[in-house]
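Chemist: Give the three-dimensional model of this entry:
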Amino acid sequence: MSRPKLDKLDVKILEMLLENARRPFLDIARESGVSGAAVHQRMARLQSVGIIKGSHLEVDPHSVGFDTCAYIGFFLKDPSKLDEAIEELKKIPEVIECHFTTGRYDLFIKLFAKNNDHLLSIIQTKLLPLGLARTESLISFKEVFNRPIPVSKNEKGK
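Modeler: Down below sits the predicted model:
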């Protein structure tokens, strides 16, 4: 499958929205020298081809009582049960990401817990029953930064 082509206007729209996702299309249109309808059409195309995957509200986990962020690598007892484990992980609200990776683990997840006791409870009562041989956990003390990928075609090194 080929990648959709981005022109300068597409990139400019994406950069402005990555800076401020709530920026009105009309402001983007004015700054880009095009009509509001043109920006709206571009956004619809960027969504339809899968470049924009949606929008979401981001809540600070700490502000709602989830103070422990953990990354956990899984070793499954039976790797043929991978799909079942993934479906069960989707049912655990504290698990916010799940990845297939290279290396040691069958799966690698990111989750938030209220504290370390809650994390231990999640591991023992929700994760181990998924057929895990064992887990390896990393606790994040603090997220230093989190940013979107660059979309500019003017990045150095290209």
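Chemist: Name the nearest residue to the most centrally placed residue in the chain, ignoring sequence neighbours.
Modeler: When Cα atoms, centre = their mean is applied to the chain, the residue found nearest the centroid is Glu97 (6.7 Å). Spatial nearest neighbour of Glu97, excluding adjacent residues (Cβ to Cβ, 6 or more residues apart in numbering): Lys110 at 4.0 Å. In this view, the C-beta of every residue, glycine as well, is placed from N, C-alpha and C.
Chemist: Verify the assumption that that neighbour is located in a helix.
Modeler: No: read with DSSP: H, G, I helix; E, B strand; the rest coil, Lys110 is strand and lies in no helix.
Chemist: Provide a list of residues in contact with it.
Modeler: Cys69, Ala70, Tyr71, Val95, Ile96, Glu97 (Cβ atoms under 8 Å, 6 or more residues apart in numbering).
Chemist: that's a helix at the last one, yeah?
Modeler: Spelled out, it's Glu97. No: assigned with three-state DSSP, Glu97 falls outside any helix and is strand.
Chemist: let's number from 357 now, not from 1
Modeler: With 357 as the first residue, the last one maps to Glu453.
Chemist: So it versus Tyr427, what's the distance?
Modeler: According to Cβ to Cβ, to the nearest Å, Glu453 stands 9 Å off from Tyr427.
Chemist: Give me the common contacts of the two.
Modeler: The contact sets of Glu453 and Tyr427 overlap at Ile465, Lys466 (Cβ under 8 Å, 6+ apart).
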